[in-house]
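1. Here you go, sequence then predicted model.
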Amino acid sequence: MRALLPLLSVGRGWRVGAAARPPRRVMSLYRTEERGRPPSENYRLFFKNVAGHYISPFHDIPLKVDSKQENGIPRKKARNDDEFKNLFNMVVEIPRWTNAKMEIATEEPLNPIKQDVKNGQLRYVPNIFPHKGYIWNYGALPQTWEDPYQKDKTTNCCGDNDPIDVCEIGSKVLPRGDVVHVKILGILALIDQDATDWKIIAINVNDPEADKFHDIDDVKKFKPGYLEATVDWLKCYKIPDGKPENKFAFNGEFKNKAFALEVVNKAHDCWKTMIMKRCDHGAISCMNVQMCDSPFHCTPEEARSLVESVATPSMSKESNVEEERWHFLN
């Protein structure tokens, strides 16, 4: 599933990619630890920061990339300050071309990545010809929340109770658990069960072609057909399960970077309200290690005790028939 980049084993050093990276890339500030057997219901992927403390990828990884430092580590300066105004952290949940529906477990303490389960079965997205699994690196923007109690004025629907989803369109397959810096290019509004499920279109800032992309029109220019394939994939991926086509706001039109940034900023404000316990957060776990003013703050020792209570690590993997099955739609 992740053949293009090496896996990070439990207890080993920081993740380093096999391919050469641009010089502005620095050592990763986060690493991951697998517990449980993949694929299984008890599999969890936990996150650690540079100090080796367990953290929540939902709450403890900052939304925006600091142009000078992050978590106390100085960073190499990009070629211009304007680049940092549109530079965000993305947590990779699902590598491109894979099928397992992995997601940040919003209702579990420290919010590890797990595989979604429905009706007692692990969930996989179907291969719908000609697409194999997910057609982008799929993940989420940390410290964002689509409030299910707040109606969006542009879509007339409330949020879907999750962090904002990201479709990363770069040329590399990114490993599950990577935290990468992305440039936001645009956004699509999927309407899922009467809730707004925003899909950010972004590109890894370290992608070899990243300098070509600044707004949604650049995707149309340099990756013709990709946006149309994105709409088609999102519209049809539930059909093999017997469900109808998904719907979109704005007739499936992609909005530009400026619109996307407004959506992200609003979702960040909703998250800040939630993490400070100023609104109803439902079943979402807001446990965090680094937001010291939050009522949900815990100590690194409490976080470690929680993780150590989870199943022991295992790197074994079993194949699944759903990853090999193909569907052809009329």
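-> That came in fine, so what should we check first?

2. hey, let's count contacts and neighbours off CA atoms from now on
-> Fine.

3. what residue lies at the spatial centre of this protein?
-> By C-alpha atoms, centre = their mean, the chain has its centre lying nearest to G139, at 1.9 Å.

4. Any idea what that one is bridged to?
-> V92, V166 (DSSP bridges).

5. give the contact list for it.
-> When contacts are counted by C-alpha atoms under 8 Å, 6 or more residues apart in numbering, G139 is found next to 90-94, 103, 165-168.

6. gap between it and P175?
-> Separation of G139 from P175 (C-alpha to C-alpha, to the nearest Å): 11 Å.

7. Repeat that for L185.
-> Applying C-alpha to C-alpha to L185 and P175 gives a distance of 22 Å.

8. Then I104?
-> 15 Å.

9. Counting neighbours around each, name which of the two comes out higher.
-> The residue with more neighbours, out of I104 and P175, is I104; 28 against 23, by other C-alpha atoms under 10 Å.

10. show me the residues around that one that make contact.
-> By C-alpha under 8 Å, 6+ apart, the contact set of I104 is 57-58, 93, 111-114.

11. Now do W198: how many residues are near it, please.
-> W198 - counted by other C-alpha under 10 Å - has 25 other residues nearby.

12. right, and the helix or strand after the helix or strand it falls within?
-> Element membership for W198, per DSSP states H and E: strand 195-204. Using DSSP H and E, the helix or strand that directly follows strand 195-204 along the chain is helix 216-222.

13. Centre of the chain to that next one, how far?
-> 22 Å (C-alpha atoms, centre = their mean, to the nearest Å).

14. tell me what that helix is packed against?
-> With contacts defined as 3 or more C-alpha pairs under 8 Å, 6 or more residues apart in numbering; DSSP states H and E, helix 216-222 has these neighbours: helix 226-236, strand 255-256.

15. Of all the ones you listed, which one is nearest Y30?
-> helix 226-236 (29.3 Å; C-alpha to C-alpha).

16. Poorly predicted segments of the chain, please.
-> Residues of the chain that meet the criterion pLDDT under 70 lie in 1-27, 67-84, 311-322.

17. give me the number of residues near the closest residue to Y43 other than its chain neighbours?
-> Spatially, and ignoring its direct neighbours in sequence, Y43 is nearest to G36 (4.1 Å; C-alpha to C-alpha, 6 or more residues apart in numbering). Per other C-alpha under 10 Å, the neighbour tally for G36 reads 18.

18. ok, how many other residues are close to D116?
-> For D116, the tally of surrounding residues (other C-alpha under 10 Å) stands at 18.

19. Output the contacts of G139 in JSON lines, with distance to H327 and neighbour count appended to each entry.
-> Output for these, formatted as JSON lines (distance: C-alpha to C-alpha, whole Å; neighbours: other C-alpha atoms under 10 Å):
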{"residue": "M90", "distance to H327": "30", "neighbour count": "31"}
{"residue": "V91", "distance to H327": "29", "neighbour count": "27"}
{"residue": "V92", "distance to H327": "26", "neighbour count": "27"}
{"residue": "E93", "distance to H327": "24", "neighbour count": "27"}
{"residue": "I94", "distance to H327": "20", "neighbour count": "30"}
{"residue": "E103", "distance to H327": "23", "neighbour count": "22"}
{"residue": "D165", "distance to H327": "25", "neighbour count": "23"}
{"residue": "V166", "distance to H327": "25", "neighbour count": "25"}
{"residue": "C167", "distance to H327": "22", "neighbour count": "24"}
{"residue": "E168", "distance to H327": "24", "neighbour count": "29"}
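
20. quick one: which of these is nearest V231?
-> Out of those, the member with the shortest distance to V231 (by C-alpha to C-alpha) is C167, at 11.6 Å.

21. Distance-wise, check that closest one relative to R35.
-> Taking C-alpha to C-alpha, one finds C167 at 26 Å from R35.
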